[in-house]
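Q: mind looking at a prediction? Sequence and model below.
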Amino acid sequence: MSESVIELTKKLIEQKSISPDDKACQSIIIERLKALNFTIEEFNFNKTKNLWAYHGEGETILFAGHTDVVPAGDETKWRFPPFQATIDEQGNLYGRGAADMKSGVAAMICSVEEYIKCNPNHKGRIAFLLTSDEEADATDGTTKVVDILMQRQERIDYCIVGEPSSNKIVGDQIKNGRRGSITANLVIHGIQGHVAYPHLADNPVHRFAPVLSDLVNTTWDNGNSYFPPTSMQIANINGGTGAENVIPGELKVQFNFRFSSELSDEIIKHRVESILNQHQVNYTLKWRLSGHPFLTPQGKLTDITCQAIKQVMNIKCELSTSGGTSDGRFIAKMGCQVIELGVTNGTIHKVNEHVPCNDIINLKKIYHEILVQLLGK
């Protein structure tokens, strides 16, 4: 069985599924799930493919993830072709998506295959929710399927998102929540002019300087026992015409907040706009909310997962809410317990993305043990 999870991971990596193009990833998965008598539903929006599948009925454990990947970048810098799926002499599997997160998807599928073959009449329900729109806009993927499932009053009790959550070895860390994310797209309006005649112009860069100082030096909150303090980071600043003797007419600034459960997006908006108004700048501001913070406190799912990791890996796992966002933020709206558990994340989105084959095999074992603990033998 361990060979099958590596082979499935390789097969998925070989599909050049750059978001939101799924290529044949979900078709490969559907074929395997149909062999297990899963009920299959496909929800496709624009260029995005989404898969909802389930087996059994009652208390539901959902495996969630994505089949899309980010672009490979300069392929000449890769040790091996990024969509070739190559295992090196140390037993590391190279390829775009090896860690994020085709290994997680393969481990889910193979663990469920093994479990159902041994327990065809298992109690409860096992479900999958997969999308090809996680790495890009995330607007036509999991969020839309969740809306459909909520309208149908589908039951989800536990959810495992196969994102690469681990640090040094698979299972040393699981995510039991994520910070919220909101991005500000700000334009400071000035008056363009000649640098030799500043009294005839209004430099938006100068106008923004004290605003920037306040944004950087503000303590937004102190975090709490689950979340670190809210972080504000400037992502982009763009001003000027390219000429050294021209005062720009506007300055474009983009900054992002990763915020804890101590704040809401509305509080952040109000405080930013108060700073801008305090400095009397002429501005236009547009916001994009990517997701609210969510949290699964220590309980049944986290305890069972840590027990499974202890049994397979003989290590103690750590609960964490650090890192970026994931589709777990959409699934959490359904009121279920949500965690993220996957392989190590040290090479995700990088050139030469790779993961040890043994980590993939062990991840499959952990998923299988979780199924046994939740649904029984």
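A: Cool, the structure landed.

Q: what separates the nearest residue to Gly299 once chain neighbours are set aside from Ser326, distance-wise?
A: Closest residue to Gly299 apart from its sequence neighbours, by CB to CB, 6 or more residues apart in numbering: Gln337 at 6.4 Å. Every C-beta, even on glycine, is put in place using the N, C-alpha and C of the backbone. As judged by CB to CB, to the nearest Å, Gln337 and Ser326 stand 15 Å apart.

Q: same drill for these two, tell me which one is more crowded.
A: Shown here are Gln337 and Ser326; by other CB atoms under 10 Å, Ser326 has more neighbours (26 against 20).

Q: how close does the closest residue to the more buried one other than its chain neighbours sit to Ile116?
A: Once flanking residues are discounted, Ser326 sits nearest to Glu163: 5.0 Å by CB to CB, 6+ apart. Using CB to CB, Glu163 is found at 24 Å from Ile116.

Q: ditto for Pro228
A: From Pro228 over to Ile116 the distance is 40 Å, taken as CB to CB.

Q: and these two? which has more neighbours close in?
A: Of the pair Pro228 and Ile116, Ile116 is the one with more neighbours under other CB under 10 Å, namely 20 against 15.

Q: ok, that one - contacts?
A: Contacts for Ile116 (CB atoms under 8 Å, 6 or more residues apart in numbering) come out as 36, 55, 122, 126.

Q: now do Ala106
A: Neighbours of Ala106 in contact, by CB under 8 Å, 6+ apart: 5-6, 8-9, 12, 360, 364.

Q: now the end-to-end length of stretch 55-73.
A: 39 Å (CA to CA, to the nearest Å).

Q: walk me through the domains of this structure.
A: 5-178+293-375, 180-291 (the TED database).

Q: tell me the mean pLDDT over the last one?
A: If I follow you right, that is domain 180-291. If you average the pLDDT over domain 180-291, you get 96.

Q: how far off centre is that domain?
A: Averaging C-alpha positions (CA atoms, centre = their mean, to the nearest Å) puts domain 180-291 26 Å from its chain's average.

Q: which residues of the stretch 201-350 of the chain fall in strands?
A: 231-239, 246-247, 250-259, 283-291, 294-295, 318-320, 337-340 (DSSP state E, counting those that start in this stretch).

Q: how about a markdown table for those strands, with distance to Thr347 added?
A: Shown next, in a markdown table, are these (distance: least, CB to CB, whole Å):
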| stretch | distance to Thr347 |
| --- | --- |
| strand 231-239 | 23 |
| strand 246-247 | 43 |
| strand 250-259 | 22 |
| strand 283-291 | 24 |
| strand 294-295 | 26 |
| strand 318-320 | 19 |
| strand 337-340 | 17 |
